[in-house]
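*Asks:* Build the 3D model from these lines:
(one chain, ligands or ions: 1)
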Amino acid sequence: KVCVVGSINLDLMVQVDHAPAPGETIMGQMLGKMPGGKGFNQAVAAHRCGASTQFVGQVGADSDAQHLRKVCAQIGLSDRYLRTNPKAPTGTAYISCQTGGENSIIVVPGANEQLDLTQLPHALSDADLMMVQMEIGPQAAKTAMAISQHLGVLTLLNAAPSRDVGSEHLALVDILVVNETEAEDLGGFDALRQAGPSLIVVTLGANGVMWAEHDGPAQTASAFPINAVDTTGSGDAFCGAFASALASGHSIEDAIGHASAAGALTATAMGAQTDNLSSENIQAMISN
Ligand code: ADP
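*Replies:* Numbering: from 1, shown residues only. Model (predicted):
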């Protein structure tokens, strides 16, 4: 069983020729509303990979929240610990996708900022692993890990964004997952191996992944060869699948394989939460 604590947004995506200059009004096309937020993406991925998953997050009392709850119902992910904060709007990401693939993004965190963790101990009952990211702010991420550690639940920190990660965070982490940029921000792979976590995983996009257990040798795995269409959310799918595999008792090496397949599957379709993500498709990719 996996418990994911984190951000949930409604992503508003619009296709544009170029980013608007100051004072300029431009026309966009194809307004899309998609569920997002690293926390929610990872919870959906863990759920789709077969883990019994609880998501602890917060939305406002608005129509965006209703939309996101409907998404949960459609995919069968519980919204029991998705709290409504009547005083803040649901988190929103405004994403303009420029022709050529470059994105400009404005995030309004809204309800993600005052995440209430009162229910976390309930959500953690019977959990094998608690996974959190930094989009809910440094203090909430730290509190979530401290509560989990106190209850003897394994902690996984996806240190994204890496800006506010301090030694007080790393001291509470059992498993750290970062991408290449985040690893650099935190002092590099070798420095991280000297810090608190007993397992460090660094994802390297199309170059695969490297990891090391405390005092163990560094190991690597290549990425699955695919035609990448949109790599948005690959890192989140990786984390969700990794947590799901570890919680169900797979070895680290096997879990890395599942996670890499999930990252690759997500890169083969548009959007951060792709519905091609399933344990069947992961198995098919691994055994191919
Ligand atoms: P993030 O999105 O957080 O920057 P990465 O880009 O490192 O994360 O992607 C996470 C994982 O997803 C990678 O380790 C890899 O296994 C998989 N992945 C990402 N991009 C590709 C790709 N182009 N081809 C195959 N696998 C990919």
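*Asks:* Please enumerate the helices of the stretch 151-288 of the chain.
*Replies:* Ranges of helices in the stretch 151-288 of the chain, per DSSP state H, counting those that start in this stretch, are 167-170, 180-185, 189-194, 234-247, 252-267, 279-287.
*Asks:* Compare the mean pLDDT across the ones you listed and name the weakest.
*Replies:* Mean pLDDT values for these show the minimum at helix 189-194, a mean of 90.
*Asks:* so what's residue 14 up against?
*Replies:* By Cβ atoms under 8 Å, 6 or more residues apart in numbering, the contact list for residue 14 reads 28-32, 95-97. Where C-beta positions appear, they are placed from N, C-alpha and C, glycine not excepted.
*Asks:* repeat that for 7 Å
*Replies:* Residue 14 sits next to 28, 30-31, 96 when contact means Cβ atoms under 7 Å, 6 or more residues apart in numbering.
*Asks:* and what of residue 212?
*Replies:* Here residue 212 is in contact with 193, 200, 218-219 (Cβ under 7 Å, 6+ apart).
*Asks:* Run through this protein and note the low-pLDDT ranges.
*Replies:* Residue ranges of the chain with pLDDT under 70: 101.
*Asks:* can you map out the strands along it?
*Replies:* For the chain, applying DSSP state E gives strands covering 2-5, 9-16, 29-36, 53-59, 82-84, 91-98, 103-108, 129-133, 154-158, 175-179, 199-203, 209-213, 219-221.
*Asks:* Now tabulate those in JSON lines and tack on distance to residue 247.
*Replies:* Output for the strands of the chain, formatted as JSON lines (distance: least, Cβ to Cβ, whole Å):
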{"stretch": "strand 2-5", "distance to residue 247": "5"}
{"stretch": "strand 9-16", "distance to residue 247": "25"}
{"stretch": "strand 29-36", "distance to residue 247": "22"}
{"stretch": "strand 53-59", "distance to residue 247": "9"}
{"stretch": "strand 82-84", "distance to residue 247": "20"}
{"stretch": "strand 91-98", "distance to residue 247": "26"}
{"stretch": "strand 103-108", "distance to residue 247": "29"}
{"stretch": "strand 129-133", "distance to residue 247": "5"}
{"stretch": "strand 154-158", "distance to residue 247": "8"}
{"stretch": "strand 175-179", "distance to residue 247": "11"}
{"stretch": "strand 199-203", "distance to residue 247": "14"}
{"stretch": "strand 209-213", "distance to residue 247": "17"}
{"stretch": "strand 219-221", "distance to residue 247": "20"}
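*Asks:* quick one, which of those strands is nearest to residue 232?
*Replies:* For these, the distance to residue 232 is smallest for strand 103-108, at 8.0 Å, taking Cβ to Cβ.
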